[in-house]
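Visitor: What follows is a predicted structure for the sequence shown.
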Amino acid sequence: MKRALLPLLALALGCSSTGTPATQTPAATGPLTDAGMLSNAPDATPPTPTPPPPPPTPPSVTAGERRAVPAPTPTVAITAPRDNATLRENRLEVRLNVRNWRNVTDAADRRHVHLILDNNEYIRVDDPTRPYALENLSEGTHVLRAFPGWETHESVKTDGAFAMVVFHVGRPSQGWTFNRRAPLLTYSRPKGTMNGADADRILLDYYLTNVPAADLGPQGVRVRPTLDGQALSDLTQWVPYYLEHLTDGEHTLVLDLLGRDGQPLPGPFNHVERRITVNHNPPPAAPPAAGAPAPDPHAGH
């Protein structure tokens, strides 16, 4: 009877059938090392925090250089309408006389003329030998200006390269004054939408009339650009300028012609406001049809 109880007693005491005490696996206190040993080191190295992106570079404006104009230099004249003419209709055919400029028989020659009615955006005229129609003109006094532009739209800044006429539709505007001998600002660029590489360095260009070069300077006559309500550096030379670091989207650009006292000079066109759109990553353009000429990247501008 005593022998029969021994196996049961051994099981109760946790012994094996061979009499060797049973062992228990200790609870893990840390991860195993490569050697199979326990370690109290942290489970993993914490990730390095990602630094915040740098703030965007603020918009800036930098001066360029005038493009060399070959001799003989181009000249522009407005032959219709006549200066101070009064029109009976609200439609007008503008006629230009442009010399020493675009070869209209050469499709690769993309020089053109900028035609500006009052203070509106310019109209691109590719063939100045043909009349250009202006329709639905409002009653009253209007001013028409024209000057040649390179394929990049930089204006030609030489004597004789600017023309201006005043005309009336129906009758002159009452109380409207315009001194054509006073300093005059004519806005040219930028205009519309700038896509891709054109958005990285945006041409800012204008035409100055009745402003001698000696009068320009930080303490003289100058142009003040304002972008989205923020004044940029004054433009103290008559050269092309370039806007850089503009973000994608719409922007409002204002140009003011200032006198020596830093105050806006009087005149109906010496304050100009334009809305432009910047798109650094536009969708790819469709390839031209077989046999078609390469598209002009500045067409329509």
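Guide: Thanks, I have it.

Visitor: okay, CA-based contacts and neighbour counts for the rest of this
Guide: OK.

Visitor: Next one, pLDDT for L11 please.
Guide: You'll see L11 listed with a pLDDT of 45.

Visitor: Equivalent analysis for P283, please.
Guide: Per-residue confidence (pLDDT) for P283: 80.

Visitor: Please report phi then psi for it.
Guide: In terms of degrees, to the nearest 10, the main-chain angles of P283 are phi -60, psi 150.

Visitor: how about the strands in the stretch 151-300 of the chain?
Guide: Taking DSSP state E, counting those that start in this stretch as the criterion, the stretch 151-300 of the chain contains strands spanning 163-169, 184-189, 193-195, 201-209, 222-227, 230-231, 241-244, 249-258, 271-279.

Visitor: What strands line up against the shortest one, and which way round?
Guide: For strand 230-231, the pairing partners within the sheet under DSSP bridges are strand 222-227 (antiparallel).

Visitor: So for the partner strand, what gets flagged as buried?
Guide: With burial defined by 16 or more other Cα atoms under 10 Å, the residues of strand 222-227 counted as buried are R222, V223, R224, P225, T226, L227.

Visitor: wait, isn't T57 in contact with H245?
Guide: Yes. The pair T57 and H245 passes the contact test of Cα atoms under 8 Å, sitting 6.2 Å apart.

Visitor: okay, the two: which has more neighbours?
Guide: Counting neighbours by other Cα atoms under 10 Å for T57 and for H245 shows that H245 has the greater number, 15 against 10.

Visitor: which non-adjacent residue is nearest the more buried one?
Guide: P59 (4.7 Å; Cα to Cα, 6 or more residues apart in numbering).

Visitor: From Q219, how far off is that neighbour?
Guide: 24 Å (Cα to Cα, to the nearest Å).

Visitor: before we move on, what about W176?
Guide: With distances taken as Cα to Cα, W176 is found 30 Å from Q219.

Visitor: and these two? which has more neighbours close in?
Guide: Under the neighbour definition other Cα under 10 Å, W176 and Q219 were set side by side, and Q219 has more, 12 against 9.

Visitor: Find me whatever residue is spatially closest to the more buried one, sequence neighbours aside.
Guide: Using Cα to Cα, 6+ apart and skipping the chain neighbours, the partner closest in space to Q219 is R260 (5.7 Å).

Visitor: What's the local residue count around the one you found?
Guide: R260 has 15 neighbours, counted by other Cα under 10 Å.

Visitor: repeat for V169
Guide: By the criterion of other Cα under 10 Å, V169 has 20 neighbours.

Visitor: do the same with the one 3 residues further on
Guide: P172 sits with 16 neighbouring residues when counted by other Cα under 10 Å.

Visitor: quick one, what contacts it?
Guide: Applying Cα atoms under 8 Å, 6 or more residues apart in numbering, one finds that P172 lies in contact with T86, E139, G140, T141.

Visitor: at 7 Å instead, please
Guide: With contact taken as Cα atoms under 7 Å, 6 or more residues apart in numbering, P172 is in contact with G140, T141.

Visitor: now it: how far from G267?
Guide: Per Cα to Cα, P172 is found 17 Å from G267.

Visitor: how long is stretch 85-102 from one end to the other?
Guide: Using Cα to Cα, the distance between the terminal residues of stretch 85-102 is 28 Å.

Visitor: just stretch 117-130 next, same as before
Guide: Rule used - Cα to Cα; the end-to-end distance of stretch 117-130 is 18 Å.

Visitor: before we move on, what about stretch 126-139?
Guide: 28 Å.

Visitor: contacts for that stretch?
Guide: 90-96, 98, 104, 112-113, 169-171.

Visitor: So which of those residues sits lowest on pLDDT?
Guide: Comparing pLDDT over these, the lowest score belongs to V104 (89).

Visitor: so who does that one touch?
Guide: Each residue near V104 by Cα under 7 Å, 6+ apart is listed here: D127.

Visitor: does it count as helix, strand or coil?
Guide: For V104, the assignment made with DSSP: H, G, I helix; E, B strand; the rest coil gives coil.

Visitor: Quickly note the distance from it to D126.
Guide: Computed as Cα to Cα, the V104 to D126 distance reads 8 Å.

Visitor: ditto for G267
Guide: Spatial separation of G267 from D126 under the definition Cα to Cα is 29 Å.

Visitor: Out of the strands of the stretch 151-300 of the chain, indicate the one that is most buried.
Guide: Each of the strands of the stretch 151-300 of the chain was scored by mean neighbour count; the highest is strand 184-189, a mean of 23, by mean count of other Cα atoms under 10 Å.
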